[in-house]
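Colleague: Predicted model, plus sequence, below.
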Amino acid sequence: MWYKFDNYESSSGVEATVYKVSTEERTKYKCSEWILHTRTRSSGSYEDKQKQNETIRKARQLFEGTFYNDWYGTNAYTNLNDYTKFSPLEKGISIIASNSIEKLSQIENCLAGYKNEVSDSFANMNIESMKELLKTKDPSIMLYNSLMPFLVAILEYFYGQCFADFIKYDTNARNLLIDEKLKIGIADVIAILQKENSLEQIIAQSYNFQNLDSINKAYKKYLSIDVMSILSERKKVNRKIIRVLVKIQEILDARHRFVHELDINYNLTKQAYLDYIATVECAILLTVESFKQKGLKIEIDH
């Protein structure tokens, strides 16, 4: 199994297996009793496809014979022109954005079929004053409040990791590192030397990616991207027109109050939480669009 972790080269890797084929397969492929089977997934990167071609070429040099490519036919190598070659930065952002949106989708799917009998009983009460009183005992409201930090974790991961990749791979951002005044402890220096940490991650850790002002400061300085301006757009989210920036700030504030003060928003409904999920996804997509405007090719799987 070959898999290159550096610079996001592989997305699926290349497998190579020697095995004995059946009589039926020997007849179908006109091959010998033992074959070398190489495999990379359709989602494999350009580099994965390239490595698979190299593996087959090397095997033919050593053992001769023919090979069959189930996409291109007999003795036909994978045509690399059929696959887009992404830069490490493009691949990094694509992976980070895809992972962020996938996690949002997973929590949305969990909540889509969620029901609680106690919550339903409270909601169906006819006496409004009693209904308001029992909100404090509603387990669903507690669940939705406890999930607010999850949304902030997605935002922190997306903005923090994209920033770290930019200062690692973008030439303009790296040039600005020269002027960075940052004290690094001996423990961090050792971690960098032992490749347990990186300078980019340490610099990223000096910013608070749970805070819009801090995010904007980092992105404006190194990426020349005004996150505040991008998120100030009015967008339709779940059939409502909202200003994304305002809703994102609501999420950040709600998380802070819940974590540090155990402040519960008893008006937080299932639909309101689903709207927050959609808002975070909208913020990610708006930011990715700003990356594309810098000339980056980004693909999001969702």
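Modeller: Great, that's in hand.
Colleague: For the rest of this, base every contact and every neighbour count on C-alpha atoms.
Modeller: Noted.
Colleague: got the residue ranges for the strands in the stretch 1-150 of the chain?
Modeller: For the stretch 1-150 of the chain, strands defined by DSSP state E, counting those that start in this stretch occupy the ranges 15-20, 34-39, 68-69, 73-74.
Colleague: Can you show me the helices along this structure?
Modeller: Using DSSP state H, the helices of the chain run over residues 23-29, 46-63, 88-112, 117-123, 128-134, 139-146, 148-169, 171-176, 186-193, 199-205, 212-222, 227-231, 244-261, 270-292.
Colleague: Could you point out which of those sits nearest residue 79?
Modeller: helix 46-63 (8.7 Å; C-alpha to C-alpha).
Colleague: Dump the closest one to PDB, keeping only the CA atoms.
Modeller: Extracted C-alpha coordinates of helix 46-63, given in PDB (Å, rounded to 0.1, in the frame of the first residue of the first chain):
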ATOM      1  CA  TYR A  46      -3.900  13.000  -9.600                       C
ATOM      2  CA  GLU A  47      -0.800  11.800  -7.700                       C
ATOM      3  CA  ASP A  48      -2.500   8.600  -6.800                       C
ATOM      4  CA  LYS A  49      -3.300   7.900 -10.500                       C
ATOM      5  CA  GLN A  50       0.300   8.900 -11.400                       C
ATOM      6  CA  LYS A  51       1.700   6.500  -8.800                       C
ATOM      7  CA  GLN A  52      -0.500   3.700 -10.100                       C
ATOM      8  CA  ASN A  53       0.800   4.200 -13.600                       C
ATOM      9  CA  GLU A  54       4.400   4.100 -12.300                       C
ATOM     10  CA  THR A  55       3.700   0.900 -10.400                       C
ATOM     11  CA  ILE A  56       2.400  -0.800 -13.500                       C
ATOM     12  CA  ARG A  57       5.300   0.400 -15.600                       C
ATOM     13  CA  LYS A  58       7.800  -0.900 -13.100                       C
ATOM     14  CA  ALA A  59       6.100  -4.300 -12.900                       C
ATOM     15  CA  ARG A  60       6.100  -4.600 -16.700                       C
ATOM     16  CA  GLN A  61       9.800  -3.800 -16.800                       C
ATOM     17  CA  LEU A  62      10.500  -6.600 -14.200                       C
ATOM     18  CA  PHE A  63       8.000  -9.300 -15.300                       C
END
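Colleague: Okay, angle between it and strand 34-39 too, please.
Modeller: Inter-element angle recorded for helix 46-63 and strand 34-39: 170 degrees (by axes from the mean of the first three to the mean of the last three C-alpha atoms, to 10 degrees).
Colleague: which stretches of the stretch 201-302 of the chain have low pLDDT?
Modeller: Counting by pLDDT under 70, the ranges of the stretch 201-302 of the chain that qualify are 302.
Colleague: So the closest residue to residue 214 other than its chain neighbours versus residue 115, what's the distance?
Modeller: Of all residues not flanking residue 214 in the chain, residue 208 sits nearest, at 5.6 Å (C-alpha to C-alpha, 6 or more residues apart in numbering). Residue 208 sits 36 Å away from residue 115, going by C-alpha to C-alpha, to the nearest Å.
Colleague: Please name the residues that touch residue 236.
Modeller: Applying C-alpha atoms under 8 Å, 6 or more residues apart in numbering to residue 236 gives the contacts residue 242.
Colleague: List of residues touching stretch 158-170?
Modeller: Around stretch 158-170, the neighbours that count as contacts under C-alpha under 8 Å, 6+ apart are 88-89, 92-93, 96-97, 100, 173-174, 177, 200-201, 203-204, 209, 215, 218-219, 222-223, 284.
Colleague: Go again with 6 Å.
Modeller: Outside stretch 158-170, the residues within contact range by C-alpha atoms under 6 Å, 6 or more residues apart in numbering are 89, 93, 173-174, 200-201, 204, 209.
Colleague: next one: stretch 193-205
Modeller: Residues contacting stretch 193-205 (C-alpha under 6 Å, 6+ apart): 164, 191-192.
Colleague: starting at the chain centroid, how far to that stretch?
Modeller: Remark: stretch 193-205 is offset 20 Å from the chain centroid, using C-alpha atoms, centre = their mean, to the nearest Å.
Colleague: just to revisit the earlier point, narrow the contacts of stretch 193-205 to just the buried residues.
Modeller: 164, 192 (16 or more other C-alpha atoms under 10 Å).
Colleague: got TSV for the contacts of stretch 193-205, with pLDDT and distance to residue 9 too?
Modeller: Converted to TSV, those look like this (pLDDT from 0 to 100; distance: C-alpha to C-alpha, whole Å):
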residue	pLDDT	distance to residue 9
164	94	17
191	81	23
192	74	21
